[in-house]
Each structure stands twice: as structure tokens, then as C-alpha cells.
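Colleague: give me the fold of what follows.
(one chain, ligands or ions: 2)
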Amino acid sequence: GGTQTRTAETEALRTLHRVFGYDAFRGAQGEVIEHVVAGGDAVVLMPTGGGKSLCYQIPALVRPGTGVVVSPLIALMQDQVDALRALGVRAGFINSTQDFDERRTVEAELLAGELDLLYLAPERLRVEATLDLLSRAKISVFAIDEAHCVAQWGHDFRPDYLALSLLGERWADVPRIALTATATDATHREITQRLGMPDARHFVASFDRPNIQYRIVPKNDPKKQLLAFLKEEHDGDAGIVYCLSRASVDKTAQYLSDNGVQAVPYHAGLDGGTRALHQSRFLREEGLVVVATIAFGMGIDKPDVRFVAHLDLPKSVEGYYQETGRAGRDGMPSTAWMAYGLQDVVQQRKMIQGGEGDEAFRRRAAAHLDAMLALCETASCRRAQLLGYFGQEAPAANCGNCDTCLTPPQTWDGTVAAQKALSTVVRLQRERNQKFGAGQIIDILLGRRTAKVIQFDHDALSVFGIGEDLSEPQWRGVVRQLLAQGLLAVEGEYGTLVLTEASGEVLGGRREVRMRTEPEKAVRAASRSA
Ligand code: ADP
Ligand code: ZN
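Modeller: Numbering: from 1, shown residues only. Ligands and ions are numbered 1, 2, ... in the order given. From the prediction side, this is the model:
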């Protein structure tokens, strides 16, 4: 009834003031909390930094019993619990880092009704003893954090999450709230279905992060480009640099350190102590740069991360959005910067083909990559493209805060260039029954008599030197865009180039190919003067 709802609302607001010291709810928080306090299930999609925690912490405090939070972020539980205790909230956790006595203490507190919040790793709920423990306690709400981990095709899939549907079966009258910052329609549907929450109310916040400036530049000399970006725009700022491999993480961190940037590496190959140290230094110190594989950053609450840089192409737009979303949680201007090139496309296409998984898995991975490439190659607003991917509309056609809006890229008619490149692939295949990678194709186009060109007698091909009108970087751009547009494909462990079905349309003159010219220098100048 009305009175009851109003009481819940007031109580929630009182808790917000009294416990957390905040004036007002942000965005959808108030509505979500009211719904869950009243006993309803909720699926909450909010960008990183949107304030998801309060959405379950306040219901846990307002409703009688203990709120159980399922989270995969074991490394952060101690910090989360300490922070809550400092506010006077009775919080505890159970995970594999505890010894027997510590766990017994928490269990006893739970059974005595002395806990407001209990954090649990998902694998705990596969153990009957834990379920038994929970059934002897009074539970106020189940919160399933990082709920996209239940999505099998997602980039953070955790099999343990699949077992969480049993919460709804065993505790039918306890409200559940699933939260995530990853929100394609597909992931959204999978969360609802796999967690068994058909009646949940859905709260979808805007995914726009207006204070983040998105920029994607062509990759030439990535470490140098990164250093220039840091020195020119983020000298002394805290930030994260993502690389795909451990080796490049180590090399990049070393390179930055050698060049006067305070930087430390973070990846799964480092021992636990070093990782914990680098993470806590990042949280505590000002102006530290962490160079990391994607393993770094999930759940880290550092508001003043001023930039996120990618030296390698992320595997999906979801991943890119989550990683870049770690910048600027305080709302201050921040940069999402990425260097992207031909080799990224070749390498990822190769990885998908040579990787594990069945045909369906490969198709999904390829679709993820295609969406990511579309974002990289777009000549219109990156923010609009990004939001469009999540099914949301951009606030304006021109956001004024991405590279393509700040300096609209030129496009050119690349049809003839495309035909030259594709013809070279065709000649090699038809006349010589050979397949080669991008490097050799470009050398042939440019008419270069390299050792490998001479070895294979490629200077005798009719296409030898037909591409002398363009420079090598331009040809790399052409081949990259052909790959991105599906007009060329990558095959085998050497990443050789082969035609696709669509190539024929270009060769036959039935399809025009528009290409973009990336104005890297202009972008840098524009953002400096802004
Ligand atoms: P998320 O989990 O969605 O990434 P958090 O729950 O960690 O976000 O919240 C991000 C930051 O915003 C935290 O520092 C939090 O204290 C702060 N915050 C959340 N809600 C409010 C609010 N209503 N008023 C002021 N600050 C808030
Ligand atoms: Zn824009």
C-alpha cells in the first residue's frame, strides 16, 4: 500500500543520510531500492561508477535479516567489508582466503543475526554446507554482483554463476537483485533467463559517460605514441594501460619507467604478493600508471583514474566499454585512448580461427570482433556508435568529445586501391597457388625487391609495383580496412590473406569501397587547444 511504500522510502533515505552521509539518491537508485525493499526482484544495469552498491546495501540494512552478496571479486572483499565496518555496518565475508577460525566467527555472527551484509564467492554456493548455513539464517536479500558473469558467451563467464538460479528456488520469498555494468540486449536476456528471474523489474541507466573523451588512433610505434600521449596530456596522472600479453605488459611498464613515467606491471604471471602490492599502490598513490592485462581493474573503486589506454584491440565492445569505464568515475574530464592497427586485426582473426571452442563459439567471437572493428573504423561519432551497440541513443548527433566529432575524418574512394590489393591476392593464388601475409602483399604493391620478393620471383607478377601511388602506411590502412569490412579474410597460423565472398563484388566493379583517412596529428592538436 501507499503508506507502506512511503515508509520504506523514508527509511531508505534516512539510512542513506545516517550511514553513508549522502544527501540524495543518484539516478535510478531510489526507485531500485524502493522496489527491492518492498520485496521485488530487480535487474540493474548501470555503468561503472553509477552507484550499484547502494542498490543492495540499503535494502540489506532496511529489511530484517542479512543481505547476502555474491561477488567473484574475492580480492576486494576484505576492503569492501572494512569500508562498511568503518561506517558502522555489520559486514563479513566467507571465502577461500580465510582460515577455519575466521570463518567460524563469521558463521556464528550470521546465525546470531548479527550481520547486515555477508559477501560470498559464487563457488561457495555450490557447497551444500553453505546452503545449509544460509537456510538456518534469516536472509533479507540476495545481491548478485557482476551478474554478466552468468552469460556464457560473455567475456567474463564463470561457470559457478550458473548454479545461482537455485537461490530463487530455495528462497522463493527473498528478493533478488542482479547488477552489472555490461549491457547488450543479449547479455541482459541471458542474465534474466539463467538466473531464473522472469518477473524481475528492469532498471537500465544511461550508459553515456560524457566526461570520457574517446579516441582511437592508427598504431605506428605504439610505445612511443603512448609516451607522447601521456607526456602531452596526462603528465603525472593516474591511469591504466591495457595490453593483451604479459610480455608486452612487462616491456611497456619498463619502457615507461625508463622514460620518466611512474609505471608498474600487473598480470597473472606475477606472484600474488606483487600483484596485491601494485594494486594497493595504484589505489593509494597519486599519479601511478598500471600497465595490465585485462585481469586488472574489475571492481576497483578509484575515482580519479584520468585515462585508460589500449595498446591492443579489445576482443569486444563490452570489454572496451568496461575497461574504458574505469576512467573518470569522479566525473572529471578523462581520456579513453587506443592505438589500433593492421596487426591487431590479423592477430585476432587468427586467434579466433585457431582457438578453442566449437563453430558457434567462433561465430560469436567473430561477431564481437566485427562490432569492435566497426567502432574503430567509424567515420562518425564514437559515442553514438558505442551507445548504439548497447541499444541506446546518443544525446546528440555530434558529442563534441570524441576524436571523430572533434576532427571529422576525411573519407576517400578506396575502390581502386581495394581492387589493386585484392588483385594481388588473386594473382598469387591463381598463378602461383600461393598465399601470403599482409607484409608481402604490400611489398609487391609497392614494387619492393626485398629478399623474400626475389626468392619467390614476385617481381615477375603483373601486379608488381601497381601500388606505388600510395605509401606503406597508407597500404597498411587499406588492408586493415578491407579486413575490417570483411572484404579480405585471414587464414591459418601464418595469418595469410584470402578473399571472401564479398571480394568478388569489389573486383567486378559492383561495389564501391569508402575508406577513412585518420587525422592523428589534427586530433592531438584539437584536444590540446580545447
Ligand atoms: P559501481 O559499483 O556502480 O561501479 P559504486 O557503488 O562503487 O559504483 O559507486 C561509485 C561511487 O559513487 C562510490 O564512491 C560511491 O560512494 C558513490 N556514490 C554512490 N551513490 C551515491 C550517492 N547517492 N551520492 C553520492 N555518492 C554516491
Ligand atoms: Zn562524438
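
Colleague: any idea of the pLDDT on the spatially most central residue of the chain?
Modeller: The centre of the chain sits closest to Gly319, judged by C-alpha atoms, centre = their mean, with a distance of 2.0 Å. Here, the pLDDT recorded for Gly319 equals 88.

Colleague: any idea which helix or strand carries it?
Modeller: If you go by DSSP states H and E, Gly319 is part of helix 317-324.

Colleague: what helices and strands are in contact with the helix or strand just after that helix?
Modeller: The C-terminal neighbour of helix 317-324 among helices and strands, as given by DSSP H and E, is strand 334-340. Packing contacts for strand 334-340, counted by 3 or more C-beta pairs under 8 Å, 6 or more residues apart in numbering; DSSP states H and E, involve strand 212-218, helix 222-233, strand 307-310. Glycine gets a C-beta too; all of them are placed from N, C-alpha and C.

Colleague: out of these, which one sits most buried?
Modeller: Highest mean neighbour count of the helices and strands packed on strand 334-340: strand 307-310, a mean of 25 (counted as mean count of other C-beta atoms under 10 Å).

Colleague: ok, residues contacting it?
Modeller: 226, 229-230, 233-234, 237, 239-242, 320, 323-324, 326-327, 334-340 (C-beta atoms under 8 Å, 6 or more residues apart in numbering).

Colleague: quickly run through the sheet partners of that strand, with directions.
Modeller: strand 239-242 (parallel), strand 334-340 (parallel) (DSSP bridges).

Colleague: mind checking which of the ones you listed is nearest ligand 2?
Modeller: Closest of the strands paired with strand 307-310 to ligand 2 is strand 334-340, at 11.9 Å (criterion: C-beta to the ion).

Colleague: could you give the angle of that closest one to strand 212-218?
Modeller: Strand 334-340 and strand 212-218 are oriented at 20 degrees to each other (axes from the mean of the first three to the mean of the last three C-alpha atoms, to 10 degrees).

Colleague: so after strand 334-340, what's the next helix or strand?
Modeller: helix 342-354.

Colleague: state the mean pLDDT of stretch 415-424.
Modeller: For stretch 415-424, mean pLDDT rounds to 97.

Colleague: pull out the buried positions in that stretch.
Modeller: Judged by neighbour count (16 or more other C-beta atoms under 10 Å), stretch 415-424 contains these buried residues: Ala417, Ala418, Gln419, Lys420, Ala421, Leu422, Ser423, Thr424.

Colleague: and these, which of them are in helices?
Modeller: Here DSSP state H is the test, and those give Ala417, Ala418, Gln419, Lys420, Ala421, Leu422, Ser423, Thr424 as lying in helices.

Colleague: contacting residues around the closest residue to the last one other than its chain neighbours?
Modeller: Translated: Thr424. Nearest residue to Thr424, sequence neighbours excluded (C-beta to C-beta, 6 or more residues apart in numbering): Val463, at 4.7 Å. For Val463, the contact set (C-beta under 8 Å, 6+ apart) comprises Lys420, Ser423, Thr424, Arg427, Ile444, Leu445.

Colleague: tally of neighbours for the closest residue to Arg126 other than its chain neighbours?
Modeller: Leaving aside its chain neighbours, Arg126 sits nearest to Ala163 (5.2 Å; criterion: C-beta to C-beta, 6+ apart). As a burial measure, Ala163 scores 14 neighbours (other C-beta atoms under 10 Å).

Colleague: my guess is Ala163 contacts Val127. True?
Modeller: No. Counting by C-beta atoms under 8 Å, Val127 is not a contact partner of Ala163; they are 10.1 Å apart.

Colleague: which phi and psi does Ser96 have?
Modeller: Here is the backbone geometry of Ser96 (degrees, to the nearest 10): phi -70, psi -10.

Colleague: Thr411 now?
Modeller: Main-chain dihedrals, Thr411, degrees, to the nearest 10: phi -120, psi 160.

Colleague: wait, it touches Thr517, no?
Modeller: Yes. The pair Thr411 / Thr517 is scored as a contact, 7.1 Å apart, by C-beta under 8 Å.

Colleague: before we move on, back to that, same list, the strands paired with strand 307-310, but as CSV with distance to ligand 1 and mean pLDDT please.
Modeller: What follows is the strands paired with strand 307-310, written out as CSV (distance: least, C-beta to the nearest ligand atom, whole Å; pLDDT from 0 to 100):
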stretch, distance to ligand 1, mean pLDDT
strand 239-242, 15, 97
strand 334-340, 15, 97
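
Colleague: most tightly surrounded among those strands?
Modeller: Most buried of the strands paired with strand 307-310, by mean neighbour count (mean count of other C-beta under 10 Å): strand 239-242, with a mean of 26.

Colleague: rewinding a little: the strands paired with strand 307-310 into CSV, with extra columns for distance to ligand 2?
Modeller: Shown next, in CSV, are the strands paired with strand 307-310 (distance: least, C-beta to the ion, whole Å):
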stretch, distance to ligand 2
strand 239-242, 21
strand 334-340, 12
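
Colleague: for burial, what's the neighbour tally of Gly509?
Modeller: Quick note: Gly509 (other C-beta under 10 Å) scores 10 neighbours.

Colleague: pretty sure it is in a strand, no?
Modeller: No. Counting by DSSP: H, G, I helix; E, B strand; the rest coil, Gly509 is located in no strand; its state is coil.

Colleague: dump the residue contacts of it.
Modeller: When contacts are counted by C-beta under 8 Å, 6+ apart, Gly509 touches Thr415, Gln419.

Colleague: just checking, Gly477 is part of a helix?
Modeller: Yes. The assignment for Gly477, made by three-state DSSP, places it in a helix.

Colleague: relative to Asp413, how far out is it?
Modeller: Look at Gly477 and Asp413: by C-beta to C-beta, to the nearest Å, they are 14 Å apart.

Colleague: okay, these two: which has more neighbours?
Modeller: For Gly477 versus Asp413, neighbours defined as other C-beta under 10 Å are more numerous around Gly477 (22 against 11).

Colleague: so the more buried one sits against Pro218, correct?
Modeller: Yes. If you go by C-beta under 8 Å, Gly477 and Pro218 touch, sitting 6.7 Å apart.
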